[in-house]
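Peer 1: Kindly return the folded structure for what I paste below:
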Amino acid sequence: MKRRVRKYLPWLTVAMMLILVLAGCGKKAEKVKLREEPYAQEKFLMGTYVRIRVYDDGKESALEPAFDRIKELADKITINQKGSEIDAINAKAGVEPVKVSDDIYYLLKAAYNYSKETDEAFNMTIGAITQLWRIGFDDARKPEQAEIDEALKHIDFEKVDFDDQAQTVYLEDKDALIDLGAIAKGYITDEAVKVLKSQGVTCAVVDLGGNVFVMGNSFRGQNEPWNVGIQDPNQARGTVVGTIKETNKTVVTSGIYERFLEVDGVKYHHLFNSKTGYPFDNDIAGVSIVTNKSIDGDALSTSVFAMGTKKGLEFVEAMDDGTQAIFVTKEDKVYITKGLEDNFVIGKDSGYTMGDRSELTK
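Peer 2: So this is what the prediction gives:
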């Protein structure tokens, strides 16, 4: 059997397409002095490049505590690093509850709620499958069907027990594994933004390998929003499908071409169906969520990807918090939620066309 492994962003199960921020940050008040050239720092964390840009003059010192917070959370959450709190829960599965920090308790509760509300399109116990395939790692492989069938028996988010008073988490099934790869970067992005705000920053860009949060408006003019490019899922980073204008929003993307395993000419991407044990198989190449909190965008990008374009559009449009979405299909069509109709601009030379929603069947 011939195998070829593409290795990208090995820390996470969920891969994210890079969203390019094409404009700067702007004034929130006359007293705030902004720089055209931001204070910028980049570090390789969580298997991806983390970039923060701060435009407030005199606020360069805010970068380091923001990065400290990112690293602190990454060390607690990853299941691929010895000593993490999630590893501790998995190690004690079927044995005893584990007391966790406020951060991890909040994140696990959020993951549980998403697992329930999305009918397991998002599933916090997908680890039994992701660790079997290990797409994105050197030892990635296509498992035997018998292995997949066995792993599926141990995917059940309802077997995660919480004790609010003791702040403990207990995984009932000894062979189950919690994997928060589809939500972790979103939470960490939000926490980095909180740190920047606590340091007095009003204008910045936080980019955790595709989870992007933009603060403030463009320096090109008062009340001018950011111009955010949506990565083309079929091209190298830096090539965009189109752009949207946003302020104080997060844009999170999930796609099938960032990480995959190729076996006998068949590509298996990293976004897994918790009911089949195989990658989701539908019409979507990539989906971007535009919302207020990155934790929501992260979980939703995986959830609506699982639904397919038609149901995904309907699901997002039924939300009442202003969340929007952009779907890029394998047929090179782009579909957007109604709230973006006066915002999204498709690239003239992108090779994509806007799809007709009346033609969608799934």
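
Peer 1: Would you state the predicted confidence (pLDDT) at residue 268?
Peer 2: You'll see residue 268 listed with a pLDDT of 73.

Peer 1: State the distance from it to residue 285.
Peer 2: Residue 268 is 15 Å from residue 285, where distance means C-beta to C-beta, to the nearest Å. In this view, the C-beta of every residue, glycine as well, is placed from N, C-alpha and C.

Peer 1: Looking at these two, which has the bigger crowd around it?
Peer 2: Counted by other C-beta atoms under 10 Å, residue 268 and residue 285 do not tie: residue 285 has more neighbours, with 22 against 19.

Peer 1: Tell me which residues touch residue 328, please.
Peer 2: By C-beta atoms under 8 Å, 6 or more residues apart in numbering, the contact list for residue 328 reads 230, 232-233, 241, 255, 284-287, 334, 352.

Peer 1: just curious, which of the residues you listed is nearest to residue 48?
Peer 2: Using C-beta to C-beta, residue 255 is the member of the contacts of residue 328 that lies nearest residue 48, at 14.2 Å.

Peer 1: since we're on the closest residue in space to the closest one that isn't next to it in sequence, how many residues are nearby?
Peer 2: Among residues not flanking residue 255 along the chain, residue 286 sits closest, at 3.4 Å (C-beta to C-beta, 6 or more residues apart in numbering). Residue 286 has 26 neighbouring residues, counting by other C-beta under 10 Å.

Peer 1: hang on, residue 286 packs against residue 254?
Peer 2: Yes. Shown here, residue 286 and residue 254 form a contact pair, counting by C-beta atoms under 8 Å, at 6.8 Å.

Peer 1: Most neighbours among the contacts of residue 328, please name it.
Peer 2: residue 287 (30 neighbours).

Peer 1: Bridged to that residue, which residues?
Peer 2: Under DSSP bridges, the beta-bridge partners of residue 287 are residue 254, residue 327.

Peer 1: quick one, what contacts it?
Peer 2: Here residue 287 is in contact with 253-255, 301, 304-305, 312, 325-328 (C-beta under 8 Å, 6+ apart).

Peer 1: Likewise for residue 115?
Peer 2: Counting by C-beta under 8 Å, 6+ apart, residue 115 has contacts 122-125, 157.

Peer 1: These into TSV, with extra columns for pLDDT?
Peer 2: Listed next are the contacts of residue 115 as TSV, based on pLDDT from 0 to 100:
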residue	pLDDT
122	91
123	95
124	96
125	96
157	96
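
Peer 1: Quick check: the farthest pair among the residues you listed?
Peer 2: Among those, the pair separated by the greatest distance (C-beta to C-beta) is 122 and 125, at 10.7 Å.

Peer 1: Tell me, how many residues neighbour the closest residue to residue 290 other than its chain neighbours?
Peer 2: Closest residue in space to residue 290, ignoring its immediate chain neighbours: residue 324 at 4.4 Å, by C-beta to C-beta, 6+ apart. By the measure other C-beta under 10 Å, the count of residues near residue 324 is 23.

Peer 1: Might one say that residue 324 is in contact with residue 337?
Peer 2: Yes. With contact defined as C-beta under 8 Å, residue 324 counts as touching residue 337 (4.7 Å).

Peer 1: Could you tell me which residues touch both of those two?
Peer 2: residue 316.

Peer 1: related to what we said a few turns ago, pull out the buried members of the contacts of residue 287.
Peer 2: The neighbour count (16 or more other C-beta atoms under 10 Å) marks 253-255, 301, 304-305, 312, 325-328 as buried among the contacts of residue 287.

Peer 1: Can I get these in JSON lines including pLDDT and distance to residue 147?
Peer 2: Shown next, in JSON lines, are the buried ones among the contacts of residue 287 (pLDDT from 0 to 100; distance: C-beta to C-beta, whole Å):
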{"residue": "253", "pLDDT": "88", "distance to residue 147": "30"}
{"residue": "254", "pLDDT": "85", "distance to residue 147": "25"}
{"residue": "255", "pLDDT": "80", "distance to residue 147": "26"}
{"residue": "301", "pLDDT": "91", "distance to residue 147": "28"}
{"residue": "304", "pLDDT": "92", "distance to residue 147": "29"}
{"residue": "305", "pLDDT": "90", "distance to residue 147": "24"}
{"residue": "312", "pLDDT": "94", "distance to residue 147": "30"}
{"residue": "325", "pLDDT": "97", "distance to residue 147": "34"}
{"residue": "326", "pLDDT": "97", "distance to residue 147": "36"}
{"residue": "327", "pLDDT": "96", "distance to residue 147": "32"}
{"residue": "328", "pLDDT": "95", "distance to residue 147": "32"}
